[in-house]
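Novice: Below: sequence and its predicted model.
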Amino acid sequence: MNLLSLALTLALASASPPLRLSAQTGITVGSPAPAFTINDLDGKPVALGQFIGKKPVYLQFWATWCEVCEALLPQVKAVAAKYRGEVEFVGINVTVNQSRDRVRRYLAEHQPPFRVLWDDKGVSIRGYDVPGTSYVVIVDRQGKVAYTGFGKDQDLGAALTKVVGR
């Protein structure tokens, strides 16, 4: 997928009503989660392999302009508070129509409860077959994709309860 088609897909996804993913959209549940190395906002590499396969991981593909991501944020904050220390929360910024400064301003204002990574090369977007922003992937302790969801009406609590086991 080229950058223009990805930008269009992401823009349409943020404006579309919430959807449940079909088996053909996004990474397949049950498949091994890719453990890419992606930079943080300061350009320092962060290896997802330091978390994947060690404890459950919550991955959210987001952007500052994504209204659906913002609508999902209160639920993300609630589950992050509930599972603090048990689940690694990672937000991967898709970098389409973004700047590091814009992301930093958003983080200061909204304080999402995840470690923010800057995927300016689209490595994780391709690896996880991301259909658009607000896409969530939850990985279990064994490093397998346990859940994928899209949109603001996801039941993140139920998905995380399943992988945490409580």
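Specialist: Yes, it's here. Residues are numbered from 1 along each chain as shown.
Novice: Going by residue numbers, what spans are helices in the chain?
Specialist: Along the chain, the segments classed as helices by DSSP state H run 3-15, 67-82, 100-110, 123-127, 156-164.
Novice: Could I get those in JSON lines, plus columns for mean pLDDT?
Specialist: Output for the helices of the chain, formatted as JSON lines (pLDDT from 0 to 100):
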{"stretch": "helix 3-15", "mean pLDDT": "42"}
{"stretch": "helix 67-82", "mean pLDDT": "96"}
{"stretch": "helix 100-110", "mean pLDDT": "96"}
{"stretch": "helix 123-127", "mean pLDDT": "93"}
{"stretch": "helix 156-164", "mean pLDDT": "95"}
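Novice: Let me have these in TSV, extended by distance to residue 41.
Specialist: For every residue, glycine as well, the C-beta is placed using N, CA and C. Output for the helices of the chain, formatted as TSV (distance: least, Cβ to Cβ, whole Å):
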stretch	distance to residue 41
helix 3-15	19
helix 67-82	17
helix 100-110	5
helix 123-127	15
helix 156-164	24
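Novice: Among these, which comes closest to residue 60?
Specialist: helix 67-82 (6.9 Å; Cβ to Cβ).
Novice: Using CSV, write out the CA atom coordinates for the closest one.
Specialist: Presented in CSV, the C-alpha positions along helix 67-82 are these (Å, rounded to 0.1, in the frame of the first residue of the first chain):
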residue,chain,number,x,y,z
GLU,A,67,-11.9,11.4,16.2
VAL,A,68,-12.6,7.8,16.8
CYS,A,69,-9.3,7.4,18.6
GLU,A,70,-10.2,10.3,20.9
ALA,A,71,-13.7,8.7,21.5
LEU,A,72,-12.0,5.5,22.5
LEU,A,73,-9.5,7.2,24.9
PRO,A,74,-11.7,7.2,28.1
GLN,A,75,-12.1,3.4,27.7
VAL,A,76,-8.3,3.0,27.1
LYS,A,77,-7.6,5.0,30.2
ALA,A,78,-9.9,2.9,32.3
VAL,A,79,-8.5,-0.4,31.2
ALA,A,80,-4.9,0.9,31.5
ALA,A,81,-5.7,1.8,35.1
LYS,A,82,-7.2,-1.6,35.8
